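Asker: Structure, please.
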Amino acid sequence: MRRGYTFYLFAALGSFLVVYITLPIALIFIEQSADLEMLSRTIRDPLVVSAIKNSLLTATATTLIALLLGVPLGYVLARADFRGKSIVQALVDVPVVIPHSVVGIMLLVTFSKAVLDSYTGIIAAMLFVSAPFTVNAARDGFLAVDEKLEAVARTLGASPLRAFFSVTLPIALPSIASGLIMTWARAISEVGAILVVAYYPKTAQVLILEYFNNYGLGASRPLAVIMVGLSLMVFVILRWLVGRRNGGG
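Answerer: Predicted coordinates for the structure are as follows:
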């Protein structure tokens, strides 16, 4: 199909956003390349290594919890009509618009010492702000699955649970996987709620802010570069795996 001027106009407009996103990422790497020695010292710093491990472990744990709880909720929202459904869907989306510092305060009010300065607190903060990505992606994925396919599986003798795992889930899986990637990305980028709930054990997000406040841009930049590079690498790998599965190869 021949592409008209509308396509090229939209492509030109969209390219500004791509450049806007790409430019800061590229420049922070270029700036840091002038001081590779400091980058090397930062990578070897035990405090930095520990903080990065904390971030990766808690973000991954958060994603697994979101998978366990969010996918069933997404299925219910996709398949059932019930009184108060719109309220449930609104509640799922509310964390996206609540200021992150407020999230931290709400979690402290709700769970008190159970979340204060603990891995539990970090995961609780991450889960609150990132779970909507899993729920919404799962819901959209299940909505795209024709219910007649489930009915056919049932007529062939499959139980509801077996029909779900053998028919519905495989078809919805690409959408769910994309939601889980976004959940992980949102979790590992969270800082506001974590600062309120669990300043310790230290995560990389909190450590970057601490370095910036105490020592300035030069001290915080190497760790920022490490986190950007690590996040990009994980994101690209996960997106490639999802795309490879979608392509059937």
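
Asker: just how off-centre is the longest helix anywhere in the chain within its chain?
Answerer: Ranked by number of residues, the top helix in the chain under DSSP state H is helix 46-79. Put simply, helix 46-79 sits 8 Å off its chain's centre (C-alpha atoms, centre = their mean, to the nearest Å).

Asker: List the single closest residue to Glu210 in space, sequence neighbours excluded.
Answerer: Residue nearest to Glu210 in three dimensions, not counting chain neighbours: Lys202, with 7.9 Å by C-beta to C-beta, 6 or more residues apart in numbering. From N, CA and C alone the C-beta is placed, and that goes for glycine too.

Asker: Point to the helix or strand of this structure where mean pLDDT is at its lowest.
Answerer: Least confident helix or strand, the chain: helix 147-155 with a mean of 75, by mean pLDDT, DSSP states H and E.

Asker: There's contact between Ile43 and Met227 in this structure, I believe.
Answerer: No: at 11.5 Å, Ile43 does not count as touching Met227 under the criterion of C-beta atoms under 8 Å.

Asker: Checking the residue nearest to Glu210 next. Helix, strand or coil?
Answerer: Here Lys202 is recorded as coil under DSSP: H, G, I helix; E, B strand; the rest coil.

Asker: just to revisit the earlier point, for the following helix or strand past the longest helix of the chain, packing partners?
Answerer: Downstream of helix 46-79, the next assigned helix or strand under DSSP states H and E is helix 85-93. Packing partners of helix 85-93 (3 or more C-beta pairs under 8 Å, 6 or more residues apart in numbering; DSSP states H and E): helix 46-79, helix 119-143.
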